[in-house]
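Participant: generate a structure from the sequence data that follows.
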Amino acid sequence: MDSRPEWYERVAKGPFEKGGFTAEHAENVLRMIREGKPRRARERLGSPYVKTAVAACIALTVAGLGWAAADGSLLSYRGTGNVFSTASGAVKEADMKKTADKALQDLLGISLPFEGAERVKNEKLMRYSYREGDNTAYFWISTDTGKLMKAKVTSSLKPDQSVRKLSDGARAVMASLGYKGDFAYSASRNVDYDAAKDEKIEVRTVFRAVDARVEIINGDIEMMSFEPDVGTLDSAIMEEGIKALKFMNKNRTNLTVTGAYRFVNGTIDLLTLRFGGEAYVTMDAFTRVVCGITDTALFDGKSDSAKVQAERDKKLLAVSEQQIRSATEGLLPSTYSLKLKDYQLKKNPKAPGVATFTHSGWPDIEVSYNLSGNVWRFEISPAVAEK
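Facilitator: I've put the predicted structure just below:
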């Protein structure tokens, strides 16, 4: 049974069933990102709009750059033509090996050393393996028909024209959201083909850099994470983060934002502000609803002595449920704090000092607390809260 809250479905559906999301909408949202927008206007737009808008902006950028064309030959691949057999129709291992070799060239474009072949237990399939360094390829061939049934290929990519087109587009999307890094990446591609699933193929291209990661599936951005330049952040966003951090730790003096991290995956768009190396605040990038805070200054540490640590763990597990509930309630967005009384609380005996609030139909809330019962970390998962 789907236990996701009603607002989750509303966000995923989006408000554009009738007219669709237009280029004008996209430009408006990008302008909000670059220049900021009064809080009242954001509240009027509402969470479903902005969440769907980010995904749509990315989709429009991708379409404008023609990314699907970069993977076009792969996306149109169907393994039905890769059959080598005798005139009588009998399937020989040599024929199946030729089928696998051809699929390797079609999907990877290069030759790899043949690693071996083996029959799949309890299935009428032969698996052929190829490998060289990080490049691997596996093909499953039917022993009845000689047809390619499944393929899994993983390869590192050289910076050719198609890869540059994808990486330039990814850089452009991240730059519109505040990224100013060099995006010095390494790239890899994973291809999954399954003839039993309507012969659809999935091409996943992944770019990894020190400060960014982008995953593209069949020409569309599936996920991206990166470190935006702090100077591009809306001052109101930083003020919201500082306010949340001070609310958790009234004695905190270091309130300078030293870095940021942004994570976008579908309708999820999270921004994490970093305060030195000891405190973090995560919020919805548009609504600014805080969905996670960590301040390690409130953590009372672990002991190198097993005996002392064991005693400490006992004390942590002995902290009352009421203490944990009270400390947590004061930190959460109102939507959750009002509902917390209906949540069940369970301490983690394998990780003393960690507890999880659960409620059917609502996201879990995980907290870390110290010996005094004060919460020094909380996370709402999935970390997307409604205002």
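
Participant: quick one: Glu363 is in a strand?
Facilitator: You called it Glu, but residue 363 is Pro. Yes - the assignment for Pro363 by DSSP: H, G, I helix; E, B strand; the rest coil puts it in a strand.

Participant: wait, it sits on Phe378?
Facilitator: No - counting by Cβ atoms under 8 Å, Pro363 does not reach Phe378; the two are 11.7 Å apart. The C-beta positions use only the backbone N, C-alpha and C, and glycine is treated the same way.

Participant: which of the two has more neighbours?
Facilitator: Phe378 (24 against 21; other Cβ atoms under 10 Å).

Participant: what about the closest residue to that one other than its chain neighbours, which SS state?
Facilitator: Excluding the flanking residues, the one nearest Phe378 by Cβ to Cβ, 6 or more residues apart in numbering is Val367, at 4.6 Å. Classification of Val367 using three-state DSSP returns strand.

Participant: and the gap between Val367 and Ala318?
Facilitator: From Val367 across to Ala318, the span is 16 Å (Cβ to Cβ, to the nearest Å).

Participant: of the two, which one has the most company?
Facilitator: Val367 (21 against 10).

Participant: quick one: contacts for Thr294?
Facilitator: 279-281, 368, 376-377 (Cβ atoms under 8 Å, 6 or more residues apart in numbering).

Participant: can you rerun that using 10 Å?
Facilitator: Shown in contact with Thr294 (Cβ atoms under 10 Å, 6 or more residues apart in numbering): 245, 248, 272, 274-275, 278-282, 368, 376-379.

Participant: shaky segments in the stretch 101-250 of the chain?
Facilitator: 161, 198-199 (pLDDT under 70).

Participant: I'd like to know how many residues surround the closest residue to Phe139 other than its chain neighbours.
Facilitator: Excluding its sequence neighbours, the residue lying closest to Phe139 (Cβ to Cβ, 6+ apart) is Ala100, at 4.2 Å. Around Ala100 there are 25 other residues, counting by other Cβ under 10 Å.

Participant: return the set of buried residues in the strand or helix carrying Ala100.
Facilitator: According to DSSP states H and E, Ala100 maps onto helix 93-108. Neighbour-count burial for helix 93-108, counted by 16 or more other Cβ atoms under 10 Å, picks out 95-104, 106-108.

Participant: tell me the one of those residues nearest Ser167?
Facilitator: Among the buried residues of helix 93-108, Leu108 lies closest to Ser167 (Cβ to Cβ), at 19.3 Å.

Participant: so who does the closest one touch?
Facilitator: Per Cβ under 10 Å, 6+ apart, neighbours of Leu108: 74, 130, 135-137, 151, 153-155, 189, 191.

Participant: one more time with 8 Å, if that's ok
Facilitator: Here Leu108 is in contact with 135, 137, 153, 155, 191 (criterion: Cβ under 8 Å, 6+ apart).

Participant: what's the farthest-apart pair in the residues you listed?
Facilitator: That would be Asn135 and Val191, which, of those, are the farthest apart (Cβ to Cβ) at 11.7 Å.

Participant: shared neighbours, these two?
Facilitator: Counting by Cβ under 8 Å, 6+ apart, the residues touching both Asn135 and Val191 are 108, 154.

Participant: thanks a lot, catch you later.
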